[in-house]
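Colleague: Dropping a prediction and its sequence here:
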Amino acid sequence: MPGGRRNAAGRAGPNGRSSNNYAGSANINGRSNSGERAVGSGVDDRRIDEIYGGKSLAPKHVPIPVVPVDGQLTFEALSLAISIIAACLQLLNLYRTVWWLPHSYNNYSMNFYLIDPYLLIFIFTMMARRFVYTLLRQFIDTLLPVRWLPAIQKIMRISLLITVMSILCWCLYHMAERHNSMKIFYLCYPYKPLHNCSLNASAIRAEVFTLRSDFNRRLKRALFSSSGSAYVCGIAPIIFVPPHLHFNIPWVVQHVILFWLGRISACFAQSYPVRYCDVLHRAALHLGRWVKIENRNNHIYAQPWNDTVLWPHGSIVRHNREIYRSEGLCTAAEPGLIQ
């Protein structure tokens, strides 16, 4: 048996399935999703072994333990609860009283009459919209047939958007009558894929491009969600404080910073779980990288780079009048291009 070959059936369990969660059916390259060669692809195996001297170019992925991650509905529910608690604590920092003193004329721990009720509705609506959307979407996905889902989801999104915008506009109208219009302007703050092992260089580059776009999308969503929560729950109550009210500025600023750090940590943990980071690592192993050879020797033989070839370790190619050496078990990246 050639070196580096494995029997996919020998590693499967009694049900004929591999224990690796990323293992799947054989793809067009004669390999399973875990990088192992599938049974019945002997022609492809012999051709690959002839090209690369019997050495497999598929990296071996180390399985990682299953780390539980909160579901989207659970995460949004926890985010809503934490945001409401943070907003209440910030209001307590701003409107607290000294009711415990003997000669105090306050009977409550907060000056509730100074709090704008429309501001409270605005904050709750902004924080609850994602939870309501996730709840309605899961409810629709569970009860309705699949063929109705696209149309019903579109109607649900439009209806929810109209409802939220109506409530926000109603709150802003009443807040504009009670506060300076510039404070209303301040409220307008700037606003999972799987890895597939393959020996197709073009498919590897396409997968990495998709993962990179998804990574950037998750990063933007995490930053926007955490910053928006910190702004609405922490800074918005400060904006609408009555002019004659005195409060501890360092205390409320510290509250905003700590709440923002907590929210951004939770959003990153939800957006980039351990399994997702493992998918990125596996894709990077297949992509490899090229190192530019600065001190070029005229006697070095360099092959023209071909975008359809999966280059083994140590390959020397010429691309755009430059010479590169591949690093890693296999390299599918384009030389000189930052993936």
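Modeller: Great, that's in hand.

Colleague: so where's the stretch 101-250 of the chain uncertain?
Modeller: Residue ranges of the stretch 101-250 of the chain with pLDDT under 70: 188-191, 193-196.

Colleague: go with 90
Modeller: By pLDDT under 90, the low-scoring segments of the stretch 101-250 of the chain are 101-116, 126-127, 130, 137-157, 171-214, 217-218, 221-222, 224-232, 234-250.

Colleague: What pLDDT does the model give the closest residue to Asn93 other than its chain neighbours?
Modeller: In this structure, Asn93 finds its nearest non-sequential neighbour in Val252, 4.9 Å apart by CB to CB, 6 or more residues apart in numbering. In short, each C-beta sits where N, CA and C put it, glycine included. Val252 is assigned a pLDDT of 90 by the prediction.

Colleague: burial measure for Arg129, as a count.
Modeller: 18 (other CB atoms under 10 Å).

Colleague: actually Val252, sorry about that
Modeller: When neighbours are defined as other CB under 10 Å, Val252 has 19 of them.

Colleague: ok, so what distance separates it from Lys292?
Modeller: To Lys292, Val252 is 52 Å away according to CB to CB, to the nearest Å.

Colleague: so which strand or helix has the residue nearest to Asn93?
Modeller: helix 249-271 (DSSP states H and E).

Colleague: Export only the CA atoms of the helix or strand just after that helix, formatted as PDB.
Modeller: Sequence-wise, the next helix or strand downstream of helix 249-271 (DSSP H and E) is helix 274-287. C-alpha atoms of helix 274-287 as PDB (Å, rounded to 0.1, in the frame of the first residue of the first chain):
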ATOM      1  CA  VAL A 274     -14.000  26.900  19.200                       C
ATOM      2  CA  ARG A 275     -15.300  24.800  16.300                       C
ATOM      3  CA  TYR A 276     -15.400  27.800  14.000                       C
ATOM      4  CA  CYS A 277     -11.800  28.700  14.800                       C
ATOM      5  CA  ASP A 278     -10.900  25.100  14.100                       C
ATOM      6  CA  VAL A 279     -12.600  25.400  10.700                       C
ATOM      7  CA  LEU A 280     -10.400  28.500   9.900                       C
ATOM      8  CA  HIS A 281      -7.300  26.600  11.000                       C
ATOM      9  CA  ARG A 282      -8.100  23.600   8.800                       C
ATOM     10  CA  ALA A 283      -8.700  25.800   5.800                       C
ATOM     11  CA  ALA A 284      -5.400  27.600   6.400                       C
ATOM     12  CA  LEU A 285      -3.500  24.300   6.500                       C
ATOM     13  CA  HIS A 286      -4.900  23.400   3.100                       C
ATOM     14  CA  LEU A 287      -4.200  26.900   1.700                       C
END
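
Colleague: Give me the helices and strands touching the very next helix or strand once past helix 274-287, please.
Modeller: As assigned by DSSP H and E, the chain's next helix or strand after helix 274-287 is strand 289-292. Strand 289-292 sits against strand 322-327, with contacts defined as 3 or more CB pairs under 8 Å, 6 or more residues apart in numbering; DSSP states H and E.

Colleague: Can you give the contact residues for the strand it packs on?
Modeller: 288-293, 296, 300, 302, 305, 311-318, 335-336 (CB atoms under 8 Å, 6 or more residues apart in numbering).

Colleague: For this structure, just list every one of the strands.
Modeller: 289-292, 303-304, 311-312, 316-319, 322-327, 330-331 (DSSP state E).

Colleague: Could you tell me which strands sit next to the fourth one in the sheet, and their orientation?
Modeller: Strand pairing for strand 316-319, determined by DSSP bridges: strand 303-304 (parallel), strand 322-327 (antiparallel).

Colleague: what does the first one give?
Modeller: In the sheet containing strand 289-292, its partner strands are strand 322-327 (antiparallel), by DSSP bridges.

Colleague: buried residues in the partner strand?
Modeller: 322-326 (16 or more other CB atoms under 10 Å).

Colleague: State the pair within those residues that is farthest apart.
Modeller: Glu322 and Ser326 (13.5 Å; CB to CB).

Colleague: Tell me if I'm right that Lys192 and Tyr272 touch.
Modeller: No: between Lys192 and Tyr272 there is no contact under CB atoms under 8 Å: 9.9 Å.
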